[in-house]
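> sequence unknown, structure follows:
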């Protein structure tokens, strides 16, 4: 570590993302990417783009994109904030609403980036254990200085129904409740976006990386009442005036306008998940009941299975942590990729 | 302001960027954009891009781009860090090297974002007045906990020669000296990149927004010894694992590979600057000696001239602050745009 590093930087334990091999030949089931390409409208939008205009700064508020997101949901456009990935939106939300707070509740098993942002923005976390069945107990989330949950949760894939989310929001009306809905489009439960107009303390965060097949373009957004959106804008404007580039804004707006394609691809992924879950169970590897684009698969010899898959150029995710170390998280690929995966599991 | 806002967010005074009108018809001389389109290689790279691959996360370390930047400078690739605009790189640098420090020296007149990041990352600044002639006194920068300077400086356009930059680096060997070279490619002075291999406390920060005509794509980079690059990576990985999208990485790599185009367009801008400066002087509006892609033009009735230009749909930048309020900052446009600007000034 450099001697010049600030105390702040020394104290951070950076997030470690899944491997992104740049060479071809891998079956990549490790970072919850969509196996299908983005909507054809994305290619159209990028082909039509006036590249000469890249000399100019983009719209710092991504107004056209926010309008398109608003139409998709639907919700008024002043309820939407877009930035460079949902990770950036989440970071702004931690800074804007949780910084300096003592009791920010978050599950012990969830997206590994939450405690990193808590450290970055000096938020004290109250780590709430999942129940024995890996579900969240909504009644435990009470009187917090802030709540951050993923719904469906990761890496479990288990989702809370909207009434349970509402319970959490009502039990914490003096603080902001953030629902990270990265995987909601693969779930049967209703989105918390439907509660945003009712609750002033609810912020829903979403991404184009999963159901819109645009992980490569880094676009995320938040939905909340205008006073919360103002708070995010404040953080953005004290960090980077123009977080989303011109092509990303255009491509994301094109992707979210194509409802039919989005519906078809997410349905296909849901179907693959149900089939894969069933077949893994038959092979003796039951999964938690997932509502996401991945399965959290129980395997006694999880690390050995991970290594075996790796040898066969199949990447999945494994964590050597208590309560996680007997599982693999497996992203849903194409049906062909899942056949290759299942046959490798069978071989093991 | 939302009642839910953290103390941190309440304390911030966000940066206010120049206006970005989205409708056509403006002569935009207000945000130091390049009047020429990016290299034709950018269009080629984007046309060739496999849009289907946007479903995958990009390379979080932007290795190919960093390699291309390294070749351009030239410097070893492990000395380069790229992220989502030089603003983001600067923010990471404040967090990584200045957070918690008491005496970070920066000029009273410089890029308005520096004090914002200082506040964001809890760095105490020591605001150093420019001399009466708007130059930086290198001997005053001594024994700091950190130094942040733009060279050429903004909005003055005045540059420090490399030996003066070296003096500052040597006078502050226990702390990181950041030289923000957003405008260096329009300057006659040598870049501090040439000192990076000698001084372990030097970090040079650059952008694709100005001399590479890619403000719309948001790509910036830092050059420094690997221990400093590690510090930036640490901050990045505690904020956003993949800050640069796939298309931005490809397009920026293409732009910086086209040395001939870059040389031609920056020479043209330098020529426009010299001519415009001469003609403004003849009209009774002398400029500070600029080495950037803008002029800081002295005008007794600066605000009235700003308003007059605005009425004629010509945007320049004006600050109502002491020592700045008798100036306009005017970005160099095409020769045609500068003719329109000059004729409007004459009319005034």
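That came through, no problem. This one's a predicted model, so the numbers in the text were calculated from it and none came from an experiment.
> and the closest residue to residue A:29 other than its chain neighbours, what is it in contact with?
Nearest non-adjacent residue to residue A:29, counting by CB to CB, 6 or more residues apart in numbering or on different chains: residue A:331, 4.3 Å away. For glycine as for every other residue, the C-beta is placed from the backbone atoms N, C-alpha and C. Residues near residue A:331 by CB atoms under 8 Å, 6 or more residues apart in numbering or on different chains: A:28, A:29, A:30, A:31, A:32, A:33, A:293, A:294, A:316, A:317.
> out of these, which is most surrounded?
Top of the contacts of residue A:331 by neighbour number is residue A:294, holding 29 neighbours under the definition other CB atoms under 10 Å in any protein chain shown.
> might you report the residue contacts of that residue?
Counting by CB under 8 Å, 6+ apart, residue A:294 makes contact with A:29, A:32, A:154, A:155, A:157, A:183, A:273, A:329, A:330, A:331, A:332.
> and the nearest residue to the fifth one once chain neighbours are set aside, what pLDDT?
Closest residue to residue A:157 in three dimensions, ignoring its sequence neighbours and counting by CB to CB, 6+ apart: residue A:290, at 2.9 Å. pLDDT recorded at residue A:290 is 98.
> what helix or strand is residue A:9 located in?
Here residue A:9 sits within helix A:7-11, counting by DSSP states H and E.
> tell me which residues of that helix come out buried.
Buried positions in helix A:7-11, judged by neighbour count with 16 or more other CB atoms under 10 Å in any protein chain shown: A:8, A:9.
> now that helix: average pLDDT?
95.
> please name the strands paired to the next helix or strand after it in the sheet, noting orientation.
Using DSSP H and E, the helix or strand that follows helix A:7-11 towards the C-terminus is strand A:27-28. For strand A:27-28, the paired strands and their directions (DSSP bridges) are strand A:314-315 (parallel).
> the next helix or strand after the strand it pairs with: how far from the chain's middle?
Going down the chain from strand A:314-315, the next helix or strand is strand A:327-331, by DSSP H and E. Taking the mean of its C-alpha atoms, strand A:327-331 sits 15 Å from the chain's own mean (CA atoms, centre = their mean, to the nearest Å).
> got it, and stretch A:46-54?
Stretch A:46-54 sits 29 Å away from the centroid of its parent chain (CA atoms, centre = their mean).
> repeat for stretch A:290-298
14 Å.
> then stretch A:242-262?
Relative to the chain's own centre, stretch A:242-262 is displaced by 17 Å; criterion: CA atoms, centre = their mean.
> now do the same end-to-end measure for that stretch.
Stretch A:242-262 has an end-to-end distance of 27 Å (CA to CA, to the nearest Å).
> again, but for stretch A:139-153
OK, stretch A:139-153 end separation, CA to CA: 17 Å.
> buried ones in that stretch?
By neighbour count on 16+ other CB under 10 Å, the buried set for stretch A:139-153 is A:141, A:144, A:145, A:146, A:147, A:148, A:149, A:150, A:151, A:152, A:153.
> next up, the contacts around residue A:129.
With the criterion set at CB under 8 Å, 6+ apart, residue A:129 makes contact with A:107, A:108.
> can you show me the strands along chain A?
Assigned by DSSP state E, the strands in chain A fall at A:27-28, A:80-83, A:104-107, A:125-128, A:146-150, A:177-180, A:202-207, A:220-224, A:294-298, A:314-315, A:327-331.
> which bits of the stretch 51-200 of chain A sit near chain B?
Contact residues (CB under 8 Å from any CB of the partner chain) of the stretch 51-200 of chain A with chain B: A:51-60, A:63, A:84-85, A:87-88, A:91, A:95-101, A:116-117, A:119-122, A:175-176, A:200.
> poorly predicted segments of chain A, please.
Of all residues in chain A, none has pLDDT under 70.
> what's the closest of the buried residues of stretch A:139-153 to chain B?
residue A:146 (8.9 Å; CB to the nearest CB).
> and the closest one, how far is that from residue A:107?
Using CB to CB, to the nearest Å, residue A:146 is found at 14 Å from residue A:107.
> list the helices and strands the helix holding residue A:9 packs on?
Other helices and strands packing on helix A:7-11, by 3 or more CB pairs under 8 Å, 6 or more residues apart in numbering or on different chains; DSSP states H and E, are helix B:226-237.
> just want the angle from the helix it packs on to strand B:202-207.
Counting by axes from the mean of the first three to the mean of the last three CA atoms, to 10 degrees, helix B:226-237 lies at 50 degrees to strand B:202-207.
> now do the contacts for the closest residue to residue A:109 other than its chain neighbours.
Nearest residue to residue A:109, sequence neighbours excluded (CB to CB, 6+ apart): residue A:130, at 5.1 Å. For residue A:130, the contacting residues are A:107, A:108, A:109, A:136, A:153, A:156, A:323, by CB under 8 Å, 6+ apart.
> buried subset of the residues you listed?
By neighbour count, with 16+ other CB under 10 Å, the contacts of residue A:130 hold A:107, A:109, A:136, A:153, A:156 as buried.
> now do the contacts for residue A:91.
Contacts for residue A:91 (CB under 8 Å, 6+ apart) come out as A:117, A:120, A:121, B:239, B:240.
> count of residues packed around the last one?
I take that to be residue B:240. By other CB under 10 Å, the residues close to residue B:240 number 29.
> was I right about residue A:287 contacting residue A:278?
No - using CB atoms under 8 Å, residue A:287 is not in contact with residue A:278, being 9.4 Å away.
> which one's more surrounded, these two?
More neighbours surround residue A:287 than the other of residue A:287 and residue A:278, with 23 against 10 (other CB under 10 Å).
> how about that one, what does it touch?
Residue A:287 sits next to A:157, A:277, A:280, A:281, A:295, A:296, A:297, A:298 when contact means CB under 8 Å, 6+ apart.
> let's see 10 Å
Neighbouring residues of residue A:287 by CB atoms under 10 Å, 6 or more residues apart in numbering or on different chains: A:156-157, A:273, A:276-278, A:280-281, A:294-299, A:327-330.
> ok, residue A:191 next?
Contacts of residue A:191 (CB under 10 Å, 6+ apart): A:73, A:151, A:162, A:165, A:179, A:181, A:184, A:185, A:204, A:206, A:223.
> switch the cut-off to 7 Å
Remark: with contacts taken as CB atoms under 7 Å, 6 or more residues apart in numbering or on different chains, residue A:191 is in contact with A:181, A:184.
> how far away is it from chain B?
Noted for residue A:191: a distance of 21 Å to chain B, by CB to the nearest CB, to the nearest Å.
> now residue A:35
Taking CB to the nearest CB, one finds residue A:35 at 7 Å from chain B.
> cool, and residue A:2?
Using CB to the nearest CB, one gets 4 Å for the distance from residue A:2 to chain B.
> repeat that for residue A:237.
From residue A:237 across to chain B, the span is 3 Å (CB to the nearest CB).
> alright, I will stop here.
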